[in-house]
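J.: Fold the following for me, if possible:
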Amino acid sequence: MTAQADDAGRANVSRHDAARASGSTRSARDGGVLTCAPAPDALIDIHCVAPSIVLDIRYATDDNFTGEALYPVARCLLRRRVAEALAGVQADLEKRGLGLMLWDCYRPFSAQERLWARVPDRRYVARPVRNNGRPVSGSKHSRGAAVDATLVSAAGQPLTMPTGYDDFTPRAHRDAEVGPIAEKNRERLERAMVSHGFAPIATEWWHFDAPGWRSYPLVDEPLVRPSRSQP
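T.: Take a look at the predicted model:
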């Protein structure tokens, strides 16, 4: 990195730190202003605390197993403590010339109901249950306390993994026998996530539950675009 580029990088970090201190930051994707609530249980945009994480929110497109967009906008919202833990993962990976790409984060409860209608299989989709209209059981994604993640290079290119996203076959299981490169990258991702308290599951190499997920309620808040007005 040249001195000029390094200076520019420091300037960007300073502006980002100032935005975090004020409780807001600008979305690089669409120019909107993200509200970064300070409460530890608030749902915040991951780019409030880790702007270098790459997003490929599949359920905001038709490039997913349902063949239709379930979300109106491609955003990653997480509980603040979860987002901060994930920022730690990203920081560690960047020291190794790697980074995270996120396929899914917070998932509204109603979206989980649509997924269950398509794949009513508890190995891959948590069954959503309501009691008198109130969510009482469902996905940790609907608590803002789970992520679907993969690895990218420093240039943002996805690394080789055992399968693509939402591959509902045994090959996506963590103990599946795969090629040496895919196995190495799967293990790299798992080590990085586990080191910050995230827990893997057996049937999806990309899925990780956040530490303390039980403390967050199931919610059905809609995903919306960040405000474009200045704070």
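J.: outside of stretch 186-197, which residues touch it?
T.: Contacts with stretch 186-197, where a contact means Cβ atoms under 8 Å, 6 or more residues apart in numbering, come from 85-86, 88-89, 92-93, 98, 149-151, 161-162, 174, 178, 200, 205, 208, 210-211. Every C-beta, even on glycine, is put in place using the N, C-alpha and C of the backbone.
J.: which parts of it are buried?
T.: Residues of stretch 186-197 classed as buried under the neighbour-count rule (16 or more other Cβ atoms under 10 Å) are 186, 189, 192-193, 196-197.
J.: How about stretch 102-114?
T.: Neighbour count says stretch 102-114 has 102-109, 111-113 buried, by 16+ other Cβ under 10 Å.
J.: same check, this time on stretch 81-97
T.: 81-87, 89-90, 93.
J.: Kindly report the same for stretch 117-135.
T.: Across stretch 117-135, burial judged by 16+ other Cβ under 10 Å covers 124-126, 128, 135.
J.: okay if I get those as a markdown table plus secondary structure?
T.: What follows is the buried residues of stretch 117-135, written out as a markdown table (DSSP: H, G, I helix; E, B strand; the rest coil):
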| residue | secondary structure |
| --- | --- |
| Y124 | coil |
| V125 | coil |
| A126 | coil |
| P128 | coil |
| P135 | strand |
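J.: Pipe the residues you listed into TSV and attach pLDDT and distance to H141 per row.
T.: Listed next are those as TSV, based on pLDDT from 0 to 100; distance: Cβ to Cβ, whole Å:
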residue	pLDDT	distance to H141
Y124	86	12
V125	88	10
A126	90	8
P128	95	10
P135	94	12
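J.: partner residues bridging the residue lying closest to G156 once chain neighbours are set aside?
T.: Closest residue to G156 apart from its sequence neighbours, by Cβ to Cβ, 6 or more residues apart in numbering: V54 at 5.3 Å. Counting by DSSP bridges, V54 is bridged to M101.
J.: Look up how far R122 lies from V54.
T.: Here V54 is placed at a distance of 30 Å from R122 (Cβ to Cβ, to the nearest Å).
J.: contacting residues for L55?
T.: Contact analysis of L55 by Cβ under 8 Å, 6+ apart lists 29, 46, 74-76, 101-102.
J.: From D62, how far out is it?
T.: Distance from L55 to D62, by Cβ to Cβ: 17 Å.
J.: Three-state assignment for R130, please.
T.: With three-state DSSP as the basis, R130 sits in strand.
J.: Contacts only, for it.
T.: V136.
J.: Show me the beta-bridge partners of it.
T.: According to DSSP bridges, beta-bridge pairing links R130 with P135.
J.: so how many other residues sit close to the nearest residue to R123 once chain neighbours are set aside?
T.: Excluding the flanking residues, the one nearest R123 by Cβ to Cβ, 6+ apart is T203, at 5.0 Å. Using other Cβ atoms under 10 Å, T203 is surrounded by 18 other residues.
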